[in-house]
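**Q** Show me the folded form of this:
(3 chains)
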Amino acid sequence: MATAAHHAPVTDKTELPVERSDIGLVRPDRTTGLLDWLTTVDHKKIGILYGAFAMFFFLLGGVEALAIRTQLAKPNNDFISAPMYNQMFTMHGTTMIFLGVMPLSAAFFNFLVPLQIGARDVAFPRLNAFSLWTFVFGAFALNVSWVFEFGHLQGWFNNYEWYSKLVYKDFAPANGWFSYAPLSGTFGQADAALHAQRFTGVGTDFWIIGIQILGVASLAASFNFIVTIFNMRAPGMTMMRLPVFTWMTLVTAFLIILAFPAITVALIELMFDRQFGANFFNPTNGGQPILWQHLFWIFGHPEVYILVLPAMGIVSEILPTFSRKALFGYPIIVFSGAVIGFLGFAVWSHHMFTTGLGPVPTAAFSLLTMAIAVPTGVKIFNWVGTIWGGQVRFTPPMVLSLGFIWMFMCGGFSGIMHSSAPADSQQQDTYFVVAHFHYVLLGGVLLGLMAGLYFWFPKIFGRMPNAPIAYIASAMVIFGFNLAFGPMHYLGLTGMPRRTHTYQTGFGWEQWNFVATIGAYILGLGVFLAFANLVWTAWRGKRAETDPWDGRTLEWSLPSPVPAYNFAQTPVVTTRDAWFEHKHGGARIGALADGGPEGVHMPSQSWMPLLAAVGFLMVGLGIPMMSMGIPHLGWLVIAGLGVLILGIWLWAIEGPGGYHLKTPSAKTVTPTPTASAHA
Amino acid sequence: MFLAVRRFLLTSLLPLGILTLAGCAMRRFALTCLLPLGFLALTGCSKGQWVGRQSPMDPKGPLAQSQFDVFMDTVWLSLILFVIVGGILVYAVIRFRERPGQANTRPPEQGHGNPMIEIGLIMASVASLVVIAIPTLEAIWYMDDVPVESKPASKLSAWYTGKIDPKVAEDVLTIDVVGKQWWFRFEYPQLGLTQEGKRAIPNEIVIPRGKAVRINLRSEDVIHSFWIPKIAGKVDMVPGRRNHMWIQGDQVGLYYGQCAEFCGDSHAYMRFRCRVVEPEDFAKWVEAQRVPAVEPAANSLAATGKALFAQKNCAMCHRIGGQYDAGNFAPDLTHVASRTSLAGAWLDNRDPATQLAIDAKGNTELSAPIDPALQRKNLAAWIGSSGVLVDANGKPVHAADIKPGNRMHYYRMFNVAGLNETKVKLTQAELDAIVEYLMTLN
Amino acid sequence: MSDSAAAPTSTGIDHKKLIMWLFLASDCMFFGTLISTHLLYRKLYPTGFTDAEGHVRFVQNLFDIELTSFSTFILLMSSFLMALAVSAMHKGQIASFRRNVLGVILFGLIFLGCQVYEFTHFYHKGLTIQNSVFGSTFYVLTGTHGTHVAIGVLWLILLYFYSFTGKLRGHIGALDVEIAGLYWHFVDIVWIIIFTVVYLVEYLGPNGIWGSAVATITP
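**A** As a prediction, this is how the structure comes out:
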């Protein structure tokens, strides 16, 4: 490979003398091992960490899902109790959305965006590390509630005074991922001891603080990516030449920064209700629980697009690659993505059609919801247009992408069915809705993300995933998924409500529930197989070429795996699909020898983002435990805030530092196309 | 059963078999993707499949009918679009698959889109949505309140045969529904069956056939949702908010309802029943509800039960009209033995086999009679669950909850820890007496 | 925070400045949500709150509009000084910067002091976070704003001391100050909105904009 020659081994940063920060501390400088992973500011390593944690939580959420399906396999089942079931479905939803899909999308943002726009890193590498660790600790704070729940079931706490004082002994969140007040909030007059009546235990406090911390992580990451995409594009990379995935990242990041404040405020208000006896959602004192629903869904509906737009971006990269044809109607795809993001803020009340909004708002939100089907449909038309006239190659990512389109289309159509408020009044909170959003979020988003994993895996690890296993896993996922969620359409239409831990015989739901459970197990095995394949081949796979799929965007011009500095010279692009045009068309990628004789400037590693995030962890553990009544835990919260401030302060004054890496060909300007053999 | 097995085999094994046979990834993909369509076709082929006890696909009232009609509009539109778009996708994938030897040739023409096609498709999408938007809007306003044209026939003076206050005679029947964790309380303010009037109706709502009924929805704790699928779609009961809806049942029978908003531990058990009766039967039913509870014969087992009902604090929360009137918190038990269900309509007092046989004929709204033996068993099980029934050594017999979190056993309403320990304890003899007493309350 | 502050950017806007604008956009939604909550509940419950003795009290009696106007004026003036500080930094006049930023810190502290006084004063008049929806929305909204001011003051104090290390200079130093200034101005603008929709509108018309019956005020 000609390009490989330009990226021969370079000076390692460990060869440099020990670097001291502005405050005199030694900066970490490992390139391998635990210390490296904890202190890294390299967007590629951060992306891999995001992906690894996301896959772990995907499997955890999957185990919760299987517990739910096992419980529902037959009527009047007692595999798990009702409180346990409620904790399971709450944590399943929360885990899959906040700890599965969002961080897996973030993994792709991290790994790909700088590579796709020809940048060396994100705009704020240390802020990026902070986002990662804040996410990890937020996820930990949320899930540590299971440890308490387990301890409570095992009777570990029986001898403690605080335990005997607890009224509600559900330790994991049990309000559903939407946590409607007042079930999640308070009720009745607050007395001198500040405690109004509650309906749920400290699980809700874990949920509130966990989501709050995850929100901080998402916001920080989104600010970072918007700046990166606006400011760090390679010369010639105009906005309308950005790869579609990067565009969708941009739209998603904007959705996050505009939607998350609503949930942040709602969580603050709910926390004040629970901890300090405020009245935001307490109906006894005039609070309106319906306000929680509005605030939640003003966040929650854009959140749906936050989940799905990255997957759409991934599919918009994969389809052209394996059709060997440019994306059909690039401007329309980009524009429809932006319109979806915009309209996503105007349809939240369709989650509330049954709350008695009155006919005028119901009609307005019904029509707006139908309207949002148009830009979504446009994307599907354009994907079909991309395939049309191409040469479709059925690699694993392509099979999964086609599966994405098909499942997303099914989910879209059932979505149209309940955009109509009268029809929705029968379907709201039934399994029909469960089927709908799993077709969109599992059949859609998960297949899209899996396609992305298989597509970029060679670039990430420099090894090829095992193709036969990938096909088998994909078939199992698609088949098991349809077997699990197809019947739920039927169950919902015949009146089976959601979030019920069991059902009676005689309602005609027995057979299809059983079928759905079988499907869920096949799906679970498929996902496990697909992930296991990736993990195994990351170490043992066949070495990948630089450009195994005949890729179209800049990342495929780099060696696999990508060197720390990404681009030896900054690329200069003149067209969309720059790498494909470089190989097969007339437009060549130029290069800017910006490194100079001393090489490429690299940011230094740092402990401070991790330290600041640890502060969040302490707060996240402290507040719910304080709320449990465990003595002295207020100090943990105060110490956590101290650590947070200390981390940010040291971060600010340690200075960015940095060092220079020698690149192999500081003098050579043009990268040589690797895939000329294809021409 | 055979049908079900065949259907199951067809949906699950057939595609699996084809998958195994299909060697190439493309065919595997295309066929797997067709699965949902095949599934719909298979389940759709027999109408009987859709007539479940709680199936909105079998509407028995004008509201459920209008909602069903709008739904079917969306289904047909979606199906047509699905076949067109899906067909083109499948065709494109097959037609433009990579042929052997193509891999190393020049790539195909790099088209970048066609604005006219795109604009045309956008316009077509908008046009097709208008098709469902119009019936949607009609149905939204229809659902909102009792239609003017239904009012003359539905006002109380037009059909109610019992005595009625002239002030409300020109109104349609209004029922207040109150949601509690985890049961429903129904009040008929125009007819004096209210909580204040010391006679509210728990868990079984009765409405006259063919008459529009206005429903006011309230909640006393968390959010619940009122839903009788065969009669009307759901509307939420939100604390601090006054929602309303209207319903009408056009066929006499017993319908199944359920809380449709997650409301805590025993959400699954928060069910209720709706009886649609002829208007003249409705008046008789109202009269029957007004009658106080039957006094048990002196020195009978039931009389012992009556005494125990107060001794064991049951009467603190439960009202038994004419005998214990203080209880305001829990379901009214004045006529508990006349109801087809117990414990938030979770425990069925009718013989399940008889009911299933009736259901099998496709008439799930017909109800089997109450089976007294089963009713007695249900009562004993319900009261004695959660460790209330104790053996001679004071050990709980049934530790498990029939309805987890239920306040009858947990006293959570007081929001004070430790009260779990003050739970009522009953010996078998005491339980039998209380059950005997309740069985007399027809 | 930026690790490549000096590098040219595609838009020509510095990374740090852009990220601060994005943060402010997000913070707009944050305060927008809080203010909406307050206004929605104000509209729903036009009368004020019931104090510990069970008297219904009206918001107009509660507010001390002279004091709040004074603290608003102080905050506005601090923004003026902040602009002077930024300008001084751009001209490289470090001494002038220090003077002005010290003024901003002082004014910020006066504002916070007024708020602390106001909170305790209202608390003694019977408005608590628990006894009414108005109490909840008022304390949380103005308290959140106060937290923003406090963070700003802390930031400026750090910048003030940092200026003595000699590292706060040149283009990057001016940029750091300018970004702190952006934040400070934003917090100031939010206060002007809060002052208008939370305080001033209570005095519109004889009965207040929410129709609370001010005429029948009880002491």
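**Q** Longest helix in chain B, by number of residues?
**A** Criterion DSSP state H: the longest helix present in chain B is helix B:62-95.
**Q** need the residues of the stretch 251-400 of chain B near chain A, please.
**A** B:256, B:258-268, B:346, B:348, B:352, B:355-356, B:359 (CB under 8 Å from any CB of the partner chain). Where C-beta positions appear, they are placed from N, C-alpha and C, glycine not excepted.
**Q** Spatially nearest residue to A:Leu447 (excluding sequence neighbours)?
**A** Among residues not flanking A:Leu447 along the chain, A:Phe404 sits closest, at 4.3 Å (CB to CB, 6 or more residues apart in numbering or on different chains).
**Q** I meant A:Thr500, not that one.
**A** Per CB to CB, 6+ apart, closest to A:Thr500 is B:Ala268, 3.4 Å.
**Q** wait, that neighbour sits on A:Arg498?
**A** No. Applying CB atoms under 8 Å as the test, B:Ala268 and A:Arg498 come out as separate, 10.2 Å apart.
**Q** Which of these two has more residues huddled nearby?
**A** Using other CB atoms under 10 Å in any protein chain shown, the more surrounded residue of B:Ala268 and A:Arg498 is B:Ala268, with 24 against 20.
**Q** What ranges does the stretch 201-350 of chain B have for its helices?
**A** Using DSSP state H, counting those that start in this stretch, the helices of the stretch 201-350 of chain B run over residues B:279-290, B:301-311.
**Q** pLDDT weak spots in chain C?
**A** C:1-7, C:205-219 (pLDDT under 70).
**Q** thinking again about what came up before, could the helices of the stretch 201-350 of chain B go into TSV alongside mean pLDDT?
**A** Formatted as TSV, these follow (pLDDT from 0 to 100):
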stretch	mean pLDDT
helix B:279-290	91
helix B:301-311	88
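**Q** among those, which is the most enclosed?
**A** Comparing the helices of the stretch 201-350 of chain B by mean neighbour count (mean count of other CB atoms under 10 Å in any protein chain shown), helix B:301-311 comes out on top with a mean of 18.
**Q** how many neighbours does B:Ala353 have?
**A** 9.
**Q** pLDDT value on it, please?
**A** As predicted, B:Ala353 sits at a pLDDT of 88.
**Q** and it, how far is that from A:Thr369?
**A** Computed as CB to CB, to the nearest Å, the B:Ala353 to A:Thr369 distance reads 45 Å.
**Q** again, but for B:Phe272
**A** For B:Phe272, the distance to A:Thr369 - CB to CB - is 30 Å.
**Q** again with B:Lys312
**A** Distance, B:Lys312 to A:Thr369, by CB to CB: 53 Å.
**Q** still on that earlier bit, quick check: the residue nearest to A:Thr500 vs A:Tyr85, distance?
**A** B:Ala268 sits 8 Å away from A:Tyr85, taking CB to CB as the criterion.
**Q** which ones are touching whatever residue of chain C ends up closest to chain B?
**A** With CB to the nearest CB as the measure, C:Leu44 is the residue of chain C nearest to chain B, at 9.9 Å. Counting by CB atoms under 8 Å, 6 or more residues apart in numbering or on different chains, C:Leu44 touches A:Gly286, A:Gln288, C:Val133.
**Q** quick one: which of these sit in helices?
**A** C:Val133.
**Q** Look up the closest residue to the residue in the stretch 201-350 of chain B positioned nearest to chain C, ignoring the ones flanking it.
**A** Residue of the stretch 201-350 of chain B nearest chain C, by CB to the nearest CB: B:Gly240 (9.9 Å). Spatial nearest neighbour of B:Gly240, chain neighbours left out: A:Pro283 (3.6 Å); criterion: CB to CB, 6+ apart.
**Q** Correct me if wrong: that neighbour contacts B:Arg242.
**A** No. Counting by CB under 8 Å, A:Pro283 does not reach B:Arg242; the two are 11.9 Å apart.
**Q** A:Tyr168 touches A:Gln197, doesn't it?
**A** No. Under the criterion of CB under 8 Å, A:Tyr168 makes no contact with A:Gln197, lying 10.4 Å away.
**Q** number of nearby residues for the residue of chain B found nearest chain A?
**A** In chain B, the residue that lies nearest chain A is B:Gly233 (2.7 Å; CB to the nearest CB). Residues contacting B:Gly233 under the criterion other CB under 10 Å number 31.
**Q** wait, doesn't it sit right on B:Trp227?
**A** Yes. Contact criterion CB under 8 Å: B:Gly233 and B:Trp227 qualify, at 7.0 Å.
**Q** distance of A:Gln293 from A:Phe299?
**A** Relative to A:Phe299, and taking CB to CB, A:Gln293 is found at 11 Å.
**Q** With A:Trp247 instead?
**A** Distance from A:Trp247 to A:Phe299, counting by CB to CB: 23 Å.
**Q** Between these two, point out the one with more neighbours.
**A** A:Phe299 (28 against 24).
**Q** OK, contacts around that one?
**A** Contacts of A:Phe299 by CB under 8 Å, 6+ apart are A:Ala259, A:Phe260, A:Ala262, A:Ile263, A:Ala266.
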